[in-house]
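> Okay, here's the prediction I keep looking at, along with the sequence it came from:
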Protein chains: 2
Amino acid sequence: FVCAIESIAGVPKKVKKIGQDDPRRIIHSFKVGLALSLVSLFYYCTPLYGGFGMSAMWAVLTVVVVFEYTVGATLGKGLNRALATLLAGALGVGAQHLASLSGERGEPIILGAFVFLIAVSSTFARFFPGIKARYDYGVLIFILTFSLVAVSGYRVNDLVEMAHQRLSTIAIGSSTCVFISIFICPVWAGQELQELVALNIEKLAKFLEGFGAECFNKEEEGRDQKADVAKVDKSFLQAYKSILNSKSSEEALANFARWEPGHGRFRFRHPWDQYLKIGALACQCACSIDALNSYISSTTQTPVEFQERIKDACTKMSSESGKALTELALAIRMMTKPVAAAAHVASAKTTAANLKATLKITSSEITVILEILPAATIASLLVEIVAQTEKLAEAV
Amino acid sequence: FVCAIESIAGVPKKVKKIGQDDPRRIIHSFKVGLALSLVSLFYYCTPLYGGFGMSAMWAVLTVVVVFEYTVGATLGKGLNRALATLLAGALGVGAQHLASLSGERGEPIILGAFVFLIAVSSTFARFFPGIKARYDYGVLIFILTFSLVAVSGYRVNDLVEMAHQRLSTIAIGSSTCVFISIFICPVWAGQELQELVALNIEKLAKFLEGFGAECFNKEEEGRDQKADVAKVDKSFLQAYKSILNSKSSEEALANFARWEPGHGRFRFRHPWDQYLKIGALACQCACSIDALNSYISSTTQTPVEFQERIKDACTKMSSESGKALTELALAIRMMTKPVAAAAHVASAKTTAANLKATLKITSSEITVILEILPAATIASLLVEIVAQTEKLAEAV
């Protein structure tokens, strides 16, 4: 019981934290409330209610189910819902008409067979990866509407009237959601994706900039200072780990972003796939960094004179790659300025070339290879990322 | 147009492929069809229809929305839906009663305020990570039912009768789904999770067993053979990459598995968190392997005599870890036999100890460190995995 009270007492703190992390979440909650209140006006206003009757309920249902956090997701769900309802409604009315030709006895059997067939084939269609990614919700609504129309047609007399009412209320619900999500503090999935990719690259950059110092200087400092440094550093040394798991959210955002119309700095047909490619490269880079990170603890075992020999080259390499990555992240964020981005790309390229040159000089000594190789991986990744950003700069 | 015909012609091939990959998908489709047909019987049977009226539609709706691929997901959604409907229905009737006390004019305003408040706070609650993982659908249905009940109460006279009908139809729909998903070829999320984790560890094992040969022997073979080997090898050398992205599906499966009752070899309160930990360790291990994989191409640059010196130790290390991992995967699959699993764990432990001993002997020579370090990472990971599996074997 004490435990329950404690967990309830912790709720305001949690609410505050979630709100502070992203204030748009609070705004989103109010947007949903607003949309729902607007739609329930249909019930309260007698003239409007008279036109739709009980079907007005479907507008409320649509708003609750369709309204999502980002514009792309809302738009995708709304369009899926409206189109699937239209298609399934038409098919359902047709099936109903076909079944009614077969007389009193045959009708329920034929209707049941239709529903079974549609349910089996549509459920199977949801396993197709391409359909799952973008039309999953539409197929669900298709099964739902078809069964409802086909089945209730057996009882309801004026089926076309009912289908018409339902379709218009769903259209009203969907368009309310879409309008509110676009015009009141919109959260664009495309912008979120861009932000996430840039943030991930910045995390990599921060790790690399701090890595050299962390790896080679820690023995020179005193024990007391070391504890302090460790506390400060941990945040950026561990930050890259979240990149390893960001792939699925990146893919979801890219799927949503495809539904979005051109807006703000994003003109039409933005290359979302490029972002996914950059994200995958960042993930691979984070993987190399993870391996690199596990060496930090083992460098203390290697003799000091050996460490001294590779120290400068490694520190310079990692900080240079870090700087280049910071500029790349900036270039992704400031995508509207291709001139500045081109300059960043050029500077990043020279850095990568420098890295490669350093690598060729030192690779004759096998002993240096231990620290060179991860950096070489990063350098080659960097070259790829630079190429990607170049493509991106061209595409914008 | 030609393109459209081609893509339609490709559909049967795709259907066959998806069906062959996992025949349970076809069975799942038929299960959905069966559930839907059963529920639509309510419409066709006049005595049953008389009891429920238009509310019978809600049973159809529930089946379509609740039926998911795994038992855990279906059960979770069904319970969420039934409980949220019960709670929101009761609250909605209460709010309706409260509002009706304030007279003709005040009623819609107070109802609107209630709906707005509930929508805002519930939508915000969906951002809590704990609620998002397990009760997201329940909260959605809660908002939905509350608004529907509160709003339609303004028009419908016998609200309690309506709420009662709706609740019983939803209960019928949910229980139909749950029964069919449990008793006809069930797909247990827990089993899927176990399978996925074991498969991932097997992938790691296959990579490690083949790695030594791939890395050191390729120079000895002729050019022609090399091409053949590369073709055969690629499948297992690339397989580990999918592990890096399996974390989100592991988490989803673990969430579903928590809903499932004890079944088959899984007795009650199975330690799903252990699987997640093992999965995370496997992911980390795959990360080290990714770094290791990038060295394969660079080993050709190192002199042959140096390669010869480390070749035996490395080949043995990687194949031994590979064997240990294979036995661990077997131990996870055959969890009901703790005796056999304990033997596997013991043999894995001695392998790990051997690895460590090898490491200590050779670590005095700095030149060997290049290949030793990744293996050391794997060895330490392996020790951790062994510890995890020991815990698991105790927990079963």
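Looks like it arrived, so ask away.

> Name the helix or strand for the closest residue to A:W58 other than its chain neighbours, please.
Among residues not flanking A:W58 along the chain, A:T169 sits closest, at 4.3 Å (C-beta to C-beta, 6 or more residues apart in numbering or on different chains). All C-beta spots, glycine's among them, are computed from the backbone N, C-alpha and C. Taking DSSP states H and E as the definition, A:T169 sits inside helix A:159-183.

> What residues of stretch A:17-37 count as buried?
For stretch A:17-37, the neighbour count (16 or more other C-beta atoms under 10 Å in any protein chain shown) marks A:18, A:25-26, A:28-37 as buried.

> Adding distance to A:V178 and secondary structure as columns, could you present those residues in TSV?
Below are the buried residues of stretch A:17-37 laid out as TSV (distance: C-beta to C-beta, whole Å; DSSP: H, G, I helix; E, B strand; the rest coil):
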residue	distance to A:V178	secondary structure
A:I18	26	helix
A:R25	20	helix
A:I26	21	helix
A:H28	14	helix
A:S29	18	helix
A:F30	17	helix
A:K31	12	helix
A:V32	13	helix
A:G33	17	helix
A:L34	13	helix
A:A35	10	helix
A:L36	15	helix
A:S37	17	helix
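
> quick one: least confident of those?
Lowest pLDDT within the buried residues of stretch A:17-37 is found at A:I18 (72).

> which residues touch it?
Counting by C-beta atoms under 8 Å, 6 or more residues apart in numbering or on different chains, A:I18 touches A:25, B:124, B:127-128.

> in what helix or strand does A:T123 lie?
Per DSSP H and E: helix A:103-125 holds A:T123.

> Where does pLDDT dip in the stretch 201-350 of chain A?
A:205, A:208-241, A:244, A:262-274, A:277-278, A:281-282, A:284-350 (pLDDT under 70).

> run the last query once more with 50
Along the stretch 201-350 of chain A, the parts satisfying pLDDT under 50 run over A:218-233, A:268, A:299-301, A:336-341.

> Show me which residues of the stretch 51-200 of chain A sit near chain B.
A:54, A:57, A:60-61, A:64-65, A:108, A:111-112, A:115-117, A:119-121, A:123-124, A:127-128, A:140, A:143-144, A:147-148, A:151-152, A:154-155 (C-beta under 8 Å from any C-beta of the partner chain).

> just the contacts of A:I18 now: which is nearest B:N200?
B:F128 (29.7 Å; C-beta to C-beta).

> per-residue confidence at the closest one?
Per-residue confidence (pLDDT) for B:F128: 80.

> What is the neighbour count of it?
16 (other C-beta atoms under 10 Å in any protein chain shown).

> ranges for the strands of the stretch 1-150 of chain A?
In the stretch 1-150 of chain A, no strands are found when defined by DSSP state E, counting those that start in this stretch.

> okay, the helix holding A:T123 in PDB with CA atoms only?
Taking Å, rounded to 0.1, in the frame of the first residue of the first chain, the C-alpha atoms of helix A:103-125 are listed here in PDB:
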ATOM      1  CA  GLY A 103     -33.300 -15.600 -52.000                       C
ATOM      2  CA  GLU A 104     -34.100 -15.800 -48.300                       C
ATOM      3  CA  ARG A 105     -32.300 -19.000 -47.500                       C
ATOM      4  CA  GLY A 106     -29.100 -18.500 -49.500                       C
ATOM      5  CA  GLU A 107     -28.400 -14.900 -48.500                       C
ATOM      6  CA  PRO A 108     -26.700 -15.400 -45.100                       C
ATOM      7  CA  ILE A 109     -24.600 -18.300 -46.500                       C
ATOM      8  CA  ILE A 110     -23.300 -16.300 -49.500                       C
ATOM      9  CA  LEU A 111     -22.700 -13.300 -47.300                       C
ATOM     10  CA  GLY A 112     -20.800 -15.400 -44.800                       C
ATOM     11  CA  ALA A 113     -18.700 -16.900 -47.500                       C
ATOM     12  CA  PHE A 114     -17.800 -13.400 -48.900                       C
ATOM     13  CA  VAL A 115     -16.900 -12.200 -45.400                       C
ATOM     14  CA  PHE A 116     -14.700 -15.200 -44.800                       C
ATOM     15  CA  LEU A 117     -12.900 -14.900 -48.100                       C
ATOM     16  CA  ILE A 118     -12.200 -11.200 -47.800                       C
ATOM     17  CA  ALA A 119     -11.000 -11.600 -44.200                       C
ATOM     18  CA  VAL A 120      -8.600 -14.500 -45.100                       C
ATOM     19  CA  SER A 121      -7.100 -12.800 -48.100                       C
ATOM     20  CA  SER A 122      -6.800  -9.300 -46.500                       C
ATOM     21  CA  THR A 123      -5.300 -10.700 -43.400                       C
ATOM     22  CA  PHE A 124      -2.700 -12.500 -45.500                       C
ATOM     23  CA  ALA A 125      -2.100  -9.300 -47.400                       C
END
